[in-house]
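Student: Here is a sequence together with a model predicted from it:
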Amino acid sequence: MSQQATTDTAVGSETESASHWSFLRRHMREYGILIALVVIMAFFQIATDGILMKPINLTNLVLQNSYIVIMALGMLLVIVSGHIDLSVGSVLGFVGALAAVMIVQWDMNFLVASIICLAVGGLIGAAQGYWVAYWKIPSFIVTLAGMLVFKGLTLWLLAGQSVGPFPGGFQLLASGFLPDVIDVRGFHLVSFVLGAGVAAFILGLALKHRFSTRGSGHSDEPFSFFMAKNVLIAVAILYLTWLLSSFRGFPNVLIVMAVLIAAYSFVTSRTTIGRRIYAIGGNEKAAKLSGINTERLTFLTFANMGMLAALAGLVFAARLNTATPKAGLAFELDVIAAVFIGGASMAGGVGTIVGAVIGAFIMGVMNNGMSILGIGIDYQQVIKGLVLLLAVIFDVVNRSRAS
Amino acid sequence: MQPILEMRGITKTFPGVKALDDVNLRVAEGEIHALCGENGAGKSTLMKVLSGIYPHGSYEGAISFRGEECKFSGIRDSENLGIIIIHQELALIPLLSIAENIFLGNERASKGIIDWKQTFERTGELLKRVGLKESPQELVTNLGLGKQQLVEIAKALSKEVKLLILDEPTSSLNEKDSQALLDLLLEFKQRGIASIMISHKLNEIAKIADSITVLRDGAAVSTLDCSGGNVSEDDIIRDMVGRSLEDRYPPREPKIGETIFEVKNWTATHPQHSSRTVVKDVSFKARAGEVVGIAGLMGAGRTELAMSLFGRSYGHYVSGEVLLHGKPVDTSTVGRAIDAGICYVTEDRKLYGLVLDETIRRNVPLANLPGIANGGIVVSDRKEAKVANDYRDRLRIKSSSIAQEAVNLSGGNQQKVVLAKWLFAGPEVLILDEPTRGIDVGAKYEIYSIIGELAAQGKAVIVISSEMPELLGISDRIYVMNEGRFVGEMPTAEASQEKIMAAIIRSSGKA
């Protein structure tokens, strides 16, 4: 640490600021998306007179966006591998309907039904992935077909009716909160301790990583940036945790989301499987000739996407407490938009889990904020469309300037 | 002679780099002028200035063409004066016909309606002039690269070309097509069309060029007059690299051991037409410490053989066996072939070798990811950086750091990254397909050195190359392949270009 400090101060302040500037320019995208989220949140916080960050609204925001975030994780893998999945909205609706039929109409135990639903989602993804991976049918076509098929099957399963309500146990998935052991009036201590732990863990992990890879030519991020970024993230987590704790604590679905985000982030950035998926998206032929089983990996990314869409379907059904034929309508567009706002490239090979999650929250905060402001659904669509376009234009211009 | 083109004091800077520094180029009326230089010397930049891709004002200096000062603002302006450039990567549209391609953007039409009769007739005349016997309605995708090159030239002729610029026109052509193209250039010269030819093939330049301008590091270092026939390839090389390369091939003392790699009766068919056998009953072997060359013309089936051996990546496997240390090994997928210790460096590094948008760091370990991972799954940043840095130093990959993207490297350095990837996979048998295609003399020497080192470590190295001097320079034994068969085998000591060609010609048409 002290050594780092001396080298930092040893550099002349002029060249230091110049190198900081060039670093910022090269990494505009990564910082830009985070800054964009903060700016958008600040804007709506002011515009809504502080309603946005009220604990109850924040909780709502998490619940409302959970299924988009969950699907964005799978979609990121699909898009990084150079494909697209248009069927996820329909699969979400179909799985919700299946859950309703099994739980409400057949009186099946909701845990068993949930497991069956996840398996069915995985199978649906696998079936689509099979044609994409092994028969080289364009994923756009295969999943467009899937979108129609499962939209139809949802209608058929529900016979055009809404089916509900679900038993209380099933609803907990979406509307339950982490139980509190110690009762501190109006403050959810367990959640706060958990949140503080996560913040400390993230900070510690980042520091450890920074020092273990120092000198290996990996990161040229200036130390001040690194510290500022990580301290800010930790503070943000603490602040949000505090807000949520002062309402009802962490929703169950937030825990599920957090675990999934951590797991997928780890898989994409730190494992050989992750590297292979990026390589396939970057140059499938070169990946194949490097001994990577491109077909199997593509197949698995679609199976994974199907399973995550099924999970999102369960969350969504539990949240609405009913399965409707309209569930999931056009969700695929929100999910895909989130991934692209998060910096993924249409051509494949580029994108991060964290980016996709932030992208999903940018969309979510805008939905929520504009609804609070009473902006009509017509203008909301226009604004969201323009934000997506702007984000991608920013990305492309930035990239062409860098090269 | 009166110069048709004069470029004076051309200086072009990119942010941070001076790509061209006060370059003068003078092309006489009706001459063939060769432009030589290592990759990155500024040849392409100079031609982009000339053709208006870099418009007037973005560079310093002056251009005069047929005595008139030119200020091109785009490629259209230069084309209107008859300066036509044919890029190395051909710009034809595969699924359009020859005629449609030739008149693309320049359609024979009145009021937007195409006159097909005139289009086809004109195309017919142009094809006759370039000696291409194809129907104007043939789709470009059905033509070989040599013929596509001729279509490009016909397209240039359709625009009343006065100065034809060819960027590496023969780099992907076989000897016969190359010769035909060079003859065509000589014929154009008779008709008073001047050409500028960028090429790495010094023997071709020596054969047809009237004068040569050599660029090095963005400056024109010399202009050689070939009319007296007194310019040798060595002279050109000396000017290109700024030092004399006494030997173009590094010396090595082969220590040849046991046979480690053996292929028996390998047969494979075309991926779409299973009746077409592309590799026919091929058997060969390679010994430890040996560099084995496979010679042949373009289309002889060499790449197909290598790719079919390497995880059956090409066509349909029919029969045959691969033995490593005398034992049969399974090479039915790329993964299994790599695990067995057989690696293949493709001829097309951009398409099949690299993830271009990724960094050196990410490209190097790609064929052996478990090698940088803990427990085979969790990638260790430290191991990854170490591996990438080690190979960057060892192979002298010129780059700002391992964080540089492959797309921004020169051809020679890209090839080194591909080699690093395969070296890290730990091969016992390394098959290299056209390992020095399109890279400059200095980098070639370094690639040859690496090949020599690998052999010295007791590995078997198999080199496929269309450049016969290269095979004669680096290999210990040469197989000759033609029309899918191995038609000759000779120790390099007894081999010569004539013997290799003779083996090919003797076998042609027999099958």
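Tutor: Perfect, I can see it now. Please read these numbers as outputs of a predicted model, since none were measured by experiment. Numbering: from 1, shown residues only, chains lettered A, B, ... in the order given.

Student: CA only for contacts and neighbour counts going forward, please
Tutor: Noted.

Student: Pull the number of nearby residues for the closest residue to A:Arg248 other than its chain neighbours.
Tutor: The shortest distance from A:Arg248 to any non-neighbouring residue, by Cα to Cα, 6 or more residues apart in numbering or on different chains, is to A:His188 (6.4 Å). By other Cα atoms under 10 Å in any protein chain shown, the residues close to A:His188 number 25.

Student: likewise A:Phe266?
Tutor: Neighbours of A:Phe266 (other Cα under 10 Å): 14.

Student: Secondary structure element holding it?
Tutor: Counting by DSSP states H and E, the element that carries A:Phe266 is helix A:252-270.

Student: That helix and chain B in contact?
Tutor: Yes. Legend: contact between helix A:252-270 and chain B by Cα under 8 Å from any Cα of the partner chain is shown at A:Arg270.

Student: tell me which strands and helices the helix or strand harbouring B:Glu446 is in contact with?
Tutor: B:Glu446 belongs to helix B:441-456 when assigned by DSSP H and E. Packing partners of helix B:441-456 (3 or more Cα pairs under 8 Å, 6 or more residues apart in numbering or on different chains; DSSP states H and E): helix B:233-241, strand B:291-295, helix B:411-424, strand B:460-464.

Student: So for chain A, which of the ones you listed sits nearest?
Tutor: Nearest to chain A, of all the helices and strands packed on helix B:441-456, is helix B:411-424, at 8.5 Å by Cα to the nearest Cα.

Student: Provide the strand pairings for the very next helix or strand once past the closest one, with the direction of each partner.
Tutor: Downstream of helix B:411-424, the first helix or strand assigned by DSSP H and E is strand B:429-433. Strand pairing for strand B:429-433, determined by DSSP bridges: strand B:342-345 (parallel), strand B:460-464 (parallel).

Student: is it possible to export these to CSV including mean pLDDT and mean neighbour count?
Tutor: Rendered in CSV, the data for those read as follows (pLDDT from 0 to 100; neighbours: other Cα atoms under 10 Å in any protein chain shown):
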stretch, mean pLDDT, mean neighbour count
strand B:342-345, 95, 26
strand B:460-464, 96, 26
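
Student: got those strands as JSON lines, with distance to B:Pro491 columns?
Tutor: Rendered in JSON lines, the data for the strands paired with strand B:429-433 read as follows (distance: least, Cα to Cα, whole Å):
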{"stretch": "strand B:342-345", "distance to B:Pro491": "23"}
{"stretch": "strand B:460-464", "distance to B:Pro491": "14"}
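
Student: list the contacts for the residue nearest to A:Arg248?
Tutor: Taking Cα atoms under 8 Å, 6 or more residues apart in numbering or on different chains, we find A:His188 in contact with A:Asp180, A:Ser245, A:Ser246, A:Phe247, A:Arg248, A:Gly249.

Student: Filter those residues down to the ones in helices?
Tutor: Filtering the contacts of A:His188 for membership in helices, criterion DSSP state H, returns A:Ser245.

Student: need the strands for the stretch 151-300 of chain B, in chain order.
Tutor: B:163-167, B:194-198, B:211-216, B:219-225, B:259-269, B:277-287, B:291-295 (DSSP state E, counting those that start in this stretch).

Student: Identify the residues contacting the helix or strand that the last one is followed by?
Tutor: Yep, that's strand B:291-295 we're talking about. Once the chain leaves strand B:291-295, the next helix or strand it forms, by DSSP H and E, is helix B:302-309. Contacts to helix B:302-309, defined as Cα under 8 Å, 6+ apart, come from residues B:268, B:278-279, B:294, B:296, B:313-317, B:322, B:331, B:344, B:347, B:431, B:433, B:464, B:481, B:484.

Student: For the chain, give me the ranges with low pLDDT.
Tutor: Going with chain A. Chain A contains residues with pLDDT under 70 at A:1-19, A:22, A:25-26, A:183-185, A:213-220, A:401-403.

Student: actually chain B
Tutor: In chain B, residues with pLDDT under 70: B:1, B:15-17, B:39-40, B:228-229, B:242-246, B:509-511.

Student: Recalculate using a threshold of 50.
Tutor: For chain B, applying pLDDT under 50 flags the ranges B:511.

Student: So which bits of it are right by chain A?
Tutor: B:313, B:333-336, B:338, B:351-358, B:366-367, B:369-370, B:373, B:376-382, B:385-386, B:401-403.

Student: try 6 Å this time
Tutor: B:334-335, B:352-355, B:367, B:369, B:377-379, B:382, B:385 (Cα under 6 Å from any Cα of the partner chain).

Student: burial count for residue 203?
Tutor: All of this is about chain A. 19.

Student: you looked at the wrong chain, it should be chain B
Tutor: For B:Asn203, using other Cα under 10 Å, the count is 11.

Student: Equivalent analysis for B:Lys117, please.
Tutor: 10.

Student: Filter the contacts of A:His188 down to the buried ones and hand me the PyMOL line.
Tutor: Only the buried entries of these go into this PyMOL selection, using 16 or more other Cα atoms under 10 Å in any protein chain shown:
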select buried, chain A and resi 245+246+247+248+249
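
Student: Tell me the one among the contacts of A:His188 nearest to chain B.
Tutor: A:Gly249 (33.7 Å).

Student: circling back: which of the strands of the stretch 151-300 of chain B sits most buried?
Tutor: Of all these, strand B:291-295 carries the top mean neighbour count, a mean of 27, counting by mean count of other Cα atoms under 10 Å in any protein chain shown.

Student: Which neighbouring elements make contact with it?
Tutor: strand B:460-464, strand B:477-482 (3 or more Cα pairs under 6 Å, 6 or more residues apart in numbering or on different chains; DSSP states H and E).

Student: Quick check: residues of chain A near chain B?
Tutor: Residues of chain A lying near chain B (Cα under 6 Å from any Cα): A:Thr213, A:Ser216, A:Arg270, A:Thr271, A:Thr272, A:Gly282, A:Asn283, A:Lys285, A:Ala286, A:Ser290, A:Gly291.

Student: farthest-separated two in these?
Tutor: A:Thr213 and A:Lys285 (31.1 Å; Cα to Cα).

Student: Now for A:Ile51, how many residues are close by?
Tutor: 17.

Student: Please, which helix or strand holds the residue nearest to it when sequence neighbours are not counted?
Tutor: Excluding the flanking residues, the one nearest A:Ile51 by Cα to Cα, 6+ apart is A:Gln45, at 6.5 Å. Here A:Gln45, judged by DSSP H and E, is contained in helix A:28-47.

Student: ok, residues contacting that helix?
Tutor: When contacts are defined by Cα atoms under 6 Å, 6 or more residues apart in numbering or on different chains, helix A:28-47 is touched by residues A:Leu52, A:Ile362, A:Gly369.

Student: at 10 Å instead, please
Tutor: Around helix A:28-47, the neighbours that count as contacts under Cα atoms under 10 Å, 6 or more residues apart in numbering or on different chains are A:22, A:24-25, A:48-54, A:229, A:233, A:341-343, A:352, A:354-356, A:358-363, A:365-366, A:368-370, A:372-373, A:391, A:394-395, A:398-399.

Student: And for stretch B:103-123?
Tutor: Residues contacting stretch B:103-123 (Cα under 10 Å, 6+ apart): B:92-93, B:96, B:98-102, B:124, B:126-129, B:135-137, B:151, B:154-156, B:158-159.

Student: I'd like the helices and strands packed on helix B:441-456 written out as JSON lines, with distance to A:Tyr134 added.
Tutor: Below are those laid out as JSON lines (distance: least, Cα to Cα, whole Å):
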{"stretch": "helix B:233-241", "distance to A:Tyr134": "49"}
{"stretch": "strand B:291-295", "distance to A:Tyr134": "34"}
{"stretch": "helix B:411-424", "distance to A:Tyr134": "27"}
{"stretch": "strand B:460-464", "distance to A:Tyr134": "31"}
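
Student: what about residue 111, how many neighbours?
Tutor: Let's take chain A. By other Cα under 10 Å, neighbour count at A:Leu111 equals 12.

Student: um, chain B though
Tutor: B:Lys111 - counted by other Cα under 10 Å - has 5 other residues nearby.
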